[in-house]
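Peer 1: Sequence and predicted structure below; questions after.
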Amino acid sequence: MNQQLIQTIETAWEQRELLKQTDTQNAIRSVIEALDKGNCALPSLLQTAIGK
């Protein structure tokens, strides 16, 4: 998964007003779409997010 997508979502988690921004919404949609299509799995997202 793209590190920039993860960073965008993590930042939005901490600063909820960012959820109103189109870039943040698109990042969230991209991750959900990848999960839905089976292009990534939750464990791999978690490993990337925590740096393992």
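Peer 2: Sure, I can see it. Numbers count the residues shown, from 1 in each chain.
Peer 1: For the rest of this, base every contact and every neighbour count on C-alpha atoms.
Peer 2: Will do.
Peer 1: Which strands or helices does the longest helix belonging to the chain pack on?
Peer 2: The residue-count maximum for a helix in the chain (DSSP state H) belongs to helix 22-37. Packing contacts for helix 22-37, counted by 3 or more Cα pairs under 8 Å, 6 or more residues apart in numbering; DSSP states H and E, involve helix 3-14.
Peer 1: report the angle between the axes of the helix it packs on and helix 22-37?
Peer 2: Counting by axes from the mean of the first three to the mean of the last three Cα atoms, to 10 degrees, helix 3-14 points 110 degrees away from the direction of helix 22-37.
Peer 1: ok, and for helix 3-14, which residues are buried?
Peer 2: By 16 or more other Cα atoms under 10 Å, the buried positions in helix 3-14 come out as 5, 6, 8, 9, 12.
Peer 1: ok, the last one touching residue 21?
Peer 2: Right, residue 12. No. If you go by Cα atoms under 8 Å, residue 12 and residue 21 don't touch, sitting 9.5 Å apart.
Peer 1: starting at the chain centroid, how far to the longest helix of the chain?
Peer 2: From the chain centre to the centre of helix 22-37 is a distance of 7 Å (Cα atoms, centre = their mean, to the nearest Å).
Peer 1: and what of stretch 27-45?
Peer 2: 8 Å.
Peer 1: for the record, mean pLDDT for stretch 18-34?
Peer 2: Across stretch 18-34, pLDDT averages out at 94.
Peer 1: can you give me how far it is from the chain middle?
Peer 2: 7 Å.
Peer 1: What are the buried residues along that stretch?
Peer 2: For stretch 18-34, by 16+ other Cα under 10 Å, it's 18, 19, 24, 27, 28, 31.
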